[in-house]
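Undergrad: build me a model:
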Amino acid sequence: MAEKIPATVITGFLGAGKTSLIRHLVENNQGRRLAFLINEFGDLGIDRELLLGCGIEGCDEDDVVELANGCICCTVADDFLPAMESLLARDEQPDHILIETSGLALPKPLVKAFNWPEIRSKVTVDGVVTVVDANAVADGRMAPNPVAVQAAREADPALDHDDPLEEVFEDQLSCADVVVLNKCDLVDSEKVPGLREELAAQLRDGTKVVRAAHAQLDPAVLLGLGAASEDDLDNRPSHHDGVDGEHDHDDFESFVIGFGPVEDVDGLEARLSDVIQEHDILRIKGFLDRPGKARREAIQGVGPRLQRYFDRDWRADEIRESQIVVIGFAGLDRPSIERAILG
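TA: Here you go, the predicted structure:
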């Protein structure tokens, strides 16, 4: 039998650095022919565009497949399997497949799909890599604290302390073969060992935690693990075991705001910072049209932090426009958010 193609599932919460990690792996691909499946939560395919805009050899458009269905784990049969079959039907097979889940996806149903007969004989899950934002953990955002939750429940049993973010975060950790504690440059270096220990206490035996800044890691740490994760599902518990991978996305919502050229980018960034704080927005990402600039400007935000950079030239065949995806808990006041951002 031919050797199976290894696939790496890269998961992690919104803004943890999954796309940055993939770009780094592409830059250091050591001659491998890579294929990519990118899953988005939101109507605008930002992550695929960010990857294609990196200018790195090997990021060909035909090799980057976007699954813009909101959550790959809920639409495995309809979206993921056909995309994989299409990749595997190509005359030139990839050496390695990288799969980026959306920040709200559960990795376990995706790993389970590798046991489907159409895939199992040809592909294996080389490993599940969970990317974690060290600064968010340090700030207590998207970081479970079972002891504190139990103490609160005992103090007031009538309270419901279930947190949909916490469940997603726990599921992503419990499925991991390697956890990348990213953005360590944003945290006091003396706190990093404690953060590693905090995460390690929540992981399966044998799961490693590695630290990184800007998702810069030796690819040998993440690729070639040989974990065959699809054969180890029983040791990867999920809050959603027994419900066929379906989970409630009514807890979250997203929408796209489109607008024209941005003259005062500092003013826009200030308005975004205010609206993120006022409306508890989880994630903002998009592209800006800057007058007089040949290149489009990418903007990304997780929690209160915003980052801007020019990623590629505007193409002659595309309309120059500014678009931002807003992701948050259900019930966002879209009209107020739009008015605040557009000024």
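
Undergrad: so what's the residue nearest to Glu263 when sequence neighbours are not counted up against?
TA: Computed as CB to CB, 6 or more residues apart in numbering, the closest residue to Glu263 that is not its neighbour in sequence is Pro291, at 6.2 Å. Every C-beta, even on glycine, is put in place using the N, C-alpha and C of the backbone. Taking CB atoms under 8 Å, 6 or more residues apart in numbering, we find Pro291 in contact with Pro261, Val262, Glu263.

Undergrad: what's the closest of those residues to His214?
TA: Val262 (25.2 Å; CB to CB).

Undergrad: tell me where this structure has strands.
TA: 5-12, 34-39, 64-67, 96-100, 123-133, 178-182, 208-211, 252-259, 283-288, 295-302, 305-313, 322-329 (DSSP state E).

Undergrad: closest one to Ser229 among those?
TA: Nearest of those (CB to CB): strand 123-133, 3.9 Å.

Undergrad: now that closest one: buried residues?
TA: Val123, Thr124, Val125, Asp126, Gly127, Val128, Val129, Thr130, Val131, Val132, Asp133 (16 or more other CB atoms under 10 Å).

Undergrad: contacts only, for Ala215.
TA: Counting by CB under 8 Å, 6+ apart, Ala215 has contacts Gly17, Ser20, Leu21, Arg23, His24, Val131, Val180, Asn182.

Undergrad: circling back to that earlier point, turn the contacts of Pro291 into TSV, columns for distance to Ile5.
TA: Listed next are the contacts of Pro291 as TSV, based on distance: CB to CB, whole Å:
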residue	distance to Ile5
Pro261	44
Val262	43
Glu263	48
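
Undergrad: now, which of the residues you listed sits nearest Arg308?
TA: After measuring the contacts of Pro291 against Arg308 - CB to CB - the closest member comes out as Val262, at 10.3 Å.

Undergrad: excluding chain neighbours, what is closest to that closest one?
TA: Leu288 (4.9 Å).

Undergrad: circling back: which PyMOL command selects the buried ones in the contacts of Ala215?
TA: In PyMOL syntax, the buried subset of the contacts of Ala215 is picked out as below (16+ other CB under 10 Å):
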select buried, resi 17+20+21+23+24+131+180+182
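
Undergrad: ok, which pair from the contacts of Ala215 is furthest apart?
TA: Checking the contacts of Ala215 with CB to CB, the most distant pair is Arg23 and Val180, at 13.8 Å.

Undergrad: the residue sitting nearest the centre point of the chain and Val262: what is the separation?
TA: Against the mean C-alpha coordinate of the chain, by CA atoms, centre = their mean, the closest residue is Gly103 at 4.1 Å. Gly103 is 25 Å from Val262, where distance means CB to CB, to the nearest Å.

Undergrad: next one: Arg308
TA: 10 Å.

Undergrad: okay, now Val168: neighbour count?
TA: 24 (other CB atoms under 10 Å).

Undergrad: Leu181 now?
TA: Neighbour tally, Leu181, other CB under 10 Å: 24.
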